[in-house]
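S.K.: here is a sequence together with a model predicted from it:
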Amino acid sequence: PYKSRLYKQTLESIYTAYKTLPEGAQAGYLLASWWKEKGDSYNTATGTAEDKMAYVKAMETATAAAKAFPDSEGGINAQNLLNELQQWHLRVQVEKVNTINQPFRAHVSFNNINAVHFRLIALDSKEDYGYFDDLAWRRITNSKALKSWTQPLPIMKDARQHSVEVKIDGLPAGKYLLVSSAAPSFALEKNVLNAAMFYVSNIAFVQDGSKYFVLDRISGAPIANANVQVWRSVYDYNDRKTAKRKGSSFTADKNGYVDIGNKVEKENGNLLLQIKSGNDELYIDDAISSYYYDDAGPQKVIDEDELTWQRKNARYYVFSDRSLYRPGQTVYFKAIGISKDKATGQPIVYKPGSKQQVVLYNANNQKVASLELVPNDFGSINGQFKLPATGLTGNFRLEVQGPNTMMPLYIRVEEYKRPKFSVAF
């Protein structure tokens, strides 16, 4: 720190003494670079106010040096640094699946812009943009929008990257693309664009190898008679792109249970599931790795009572209302228990008949809070945790204690501001 401060003081002396000469602009550029490096190393937990505002100081210094002698080496370097610091940043993230007709949030990360412009586009369930190349972006920006609006962003004075939450109104079941732009024109030149694909459905599923339970995303109840269509993702060497090949179709039983292992082609690859129930459909582009293994059949087990057997083979799949939270917010979660039938080895809903402990851990693996909850008739438990308003942020996890195999859920806790919401048509 002492050497760094001494270096800064030397640059300030040189810049002050020679700022009326072209050579002095290089000292101004180096001084601006010192401030930028100071800003790069800023830590929200331990940094000072000076550290936080370092980018602003860098911009002021670079602006003065570039303006004084724009054609000098130092002036050109200062302008390039200024361009870097003033560059637009925009990234919008949405939960992969959201429930039908229920408002949800988008997470907006931004810098150097004061508003984000949105277009919501409805997609066909099988529509796939593949790689987002120039052709795909032209298709997106020329597509008819279901809805368009502008969201003002908080005015930040530290030239740093910030994040906010934005409300998105509830939507009917379907597949959507939320397109965001820094410029209202949605131009492909001199602009920043972002596209987030997401789904609206009340269908969910949990997986254990080739075995699936199709469930209601809100209540956790099994969805009987749901249609499960299997697709296989295959690379076409002639077209040099990945194609989808239609596979077998299945119907879930009264417990929402489907085993696709007996009929799916015995080859390695990636599977996609298209699940339908009434007017609701879930057809996520995320591929499920599938590797063939010739199972010799159920193994003989030691003589244990049914409940002990189920407890040893139980696991809980944990879901939350979203994946990103601010300190002090409430996490709403659901956990669904799955075990195995002792006689057949087939998956069944786990109903322990006693309280299950759910624990929230912080980023340092320290226990923050815990709850004891009784599973309902569908084998699911529901609850909520209030996150600490102060202290450590980072990756937290929720875990159901007790079962032999734990499937924790990881969530992200970080500081960001939530703007006032307004819609412009």
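M.R.: It's in. If you're wondering where the values come from, they're calculated on a predicted model, not measured in any experiment. Numbering: from 1, shown residues only.
S.K.: so where's this protein uncertain?
M.R.: Along the chain, the parts satisfying pLDDT under 70 run over 127-131, 235, 237, 240, 262-269, 286-307, 402-406, 416-425.
S.K.: residue 95 against residue 319, yeah?
M.R.: No. Using Cβ atoms under 8 Å, residue 95 is not in contact with residue 319; the gap is 10.6 Å. Where you see a C-beta, it was placed from the backbone N, CA and C, and this is true even at glycine.
S.K.: next helix or strand past the strand or helix carrying residue 37?
M.R.: Residue 37 is part of helix 24-40 when elements are defined by DSSP states H and E. The helix or strand immediately downstream of helix 24-40 is helix 49-52, counting by DSSP H and E.
S.K.: buried ones in that next one?
M.R.: Neighbour-count burial for helix 49-52, counted by 16 or more other Cβ atoms under 10 Å, picks out 51, 52.
S.K.: pull the CA atoms of that helix into CSV?
M.R.: Coordinates of each C-alpha in helix 49-52 appear next as CSV, following Å, rounded to 0.1, in the frame of the first residue of the first chain:
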residue,chain,number,x,y,z
ALA,A,49,-15.7,5.1,0.3
GLU,A,50,-12.7,6.2,-1.7
ASP,A,51,-12.3,2.7,-3.0
LYS,A,52,-15.9,2.6,-4.1
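S.K.: who touches it?
M.R.: 38, 39, 41, 42, 43, 158, 160 (Cβ atoms under 8 Å, 6 or more residues apart in numbering).
S.K.: nearest to residue 347, of those?
M.R.: residue 43 (46.7 Å; Cβ to Cβ).
S.K.: which residues of the chain fall in helices?
M.R.: Counting by DSSP state H, the chain has helices at residues 2-18, 24-40, 49-52, 54-68, 73-85, 134-142, 306-312.
S.K.: out of the ones you listed, flag the one nearest residue 184.
M.R.: helix 134-142 (12.4 Å).
S.K.: next one: the closest one to chain centre, how far?
M.R.: 23 Å (Cα atoms, centre = their mean, to the nearest Å).
S.K.: cool, stretch 186-195 as well?
M.R.: 21 Å.
S.K.: likewise for stretch 225-245?
M.R.: 25 Å.
S.K.: stretch 14-29 too?
M.R.: Using Cα atoms, centre = their mean, the offset of stretch 14-29 from its chain centre is 46 Å.
S.K.: start to end distance for it?
M.R.: 12 Å (Cα to Cα, to the nearest Å).
S.K.: tell me which residues of it come out buried.
M.R.: For stretch 14-29, burial by neighbour count (16+ other Cβ under 10 Å) applies to 14, 15, 19, 24, 25, 26, 27, 28, 29.
S.K.: with stretch 201-216 instead?
M.R.: Here stretch 201-216 shows 201-206, 208, 210-216 as buried, counting by 16+ other Cβ under 10 Å.
S.K.: residue 115: which of those residues is nearest?
M.R.: residue 201 (30.6 Å).
S.K.: need the contact list for that closest one.
M.R.: 97, 99, 100, 173, 217, 280, 281, 282 are the contacts of residue 201 under Cβ under 8 Å, 6+ apart.
S.K.: go again with 6 Å.
M.R.: The contact partners of residue 201, by Cβ atoms under 6 Å, 6 or more residues apart in numbering, come to 97, 173, 280, 282.
S.K.: try residue 234
M.R.: 243, 245.
S.K.: out of the buried residues of stretch 201-216, what pair is the most spread apart?
M.R.: 202 and 210 (24.1 Å).
S.K.: roughly how far apart are residue 167 and residue 24?
M.R.: 51 Å (Cβ to Cβ, to the nearest Å).
S.K.: same check on residue 51?
M.R.: Distance from residue 51 to residue 24, by Cβ to Cβ: 26 Å.
S.K.: ok, now residue 238?
M.R.: 63 Å.
S.K.: okay, now residue 48: neighbour count?
M.R.: 11 (other Cβ atoms under 10 Å).
S.K.: scratch that, residue 120 is what I was asking about
M.R.: 16.
S.K.: over to residue 191?
M.R.: The burial count for residue 191: 16, using other Cβ under 10 Å.
S.K.: what's the closest non-adjacent residue to it?
M.R.: Spatial nearest neighbour of residue 191, chain neighbours left out: residue 183 (4.4 Å); criterion: Cβ to Cβ, 6 or more residues apart in numbering.
S.K.: would you list the phi and psi of the one you found?
M.R.: phi -100, psi 140 (degrees, to the nearest 10).
S.K.: what does residue 253 give?
M.R.: phi -80, psi -170.
S.K.: roughly how far does the residue lying closest to it once chain neighbours are set aside sit from residue 315?
M.R.: Excluding its sequence neighbours, the residue lying closest to residue 253 (Cβ to Cβ, 6+ apart) is residue 224, at 6.9 Å. Distance, residue 224 to residue 315, using Cβ to Cβ: 22 Å.
S.K.: now do the strands in the stretch 301-425 of the chain.
M.R.: Applying DSSP state E, counting those that start in this stretch to the stretch 301-425 of the chain gives strands spanning 315-320, 324-325, 330-340, 347-349, 356-361, 367-373, 380-386, 394-400, 405-407, 409-413.
S.K.: try the stretch 151-300 of the chain
M.R.: 162-168, 174-181, 193-200, 203-208, 211-216, 227-236, 241-251, 257-259, 269-277, 280-283, 288-290.
S.K.: what's the closest of these to residue 115?
M.R.: strand 174-181 (9.8 Å).
S.K.: for that closest one, packing partners?
M.R.: strand 115-123, strand 193-200 (3 or more Cβ pairs under 6 Å, 6 or more residues apart in numbering; DSSP states H and E).
S.K.: next one: that strand to chain centre, how far?
M.R.: 15 Å.
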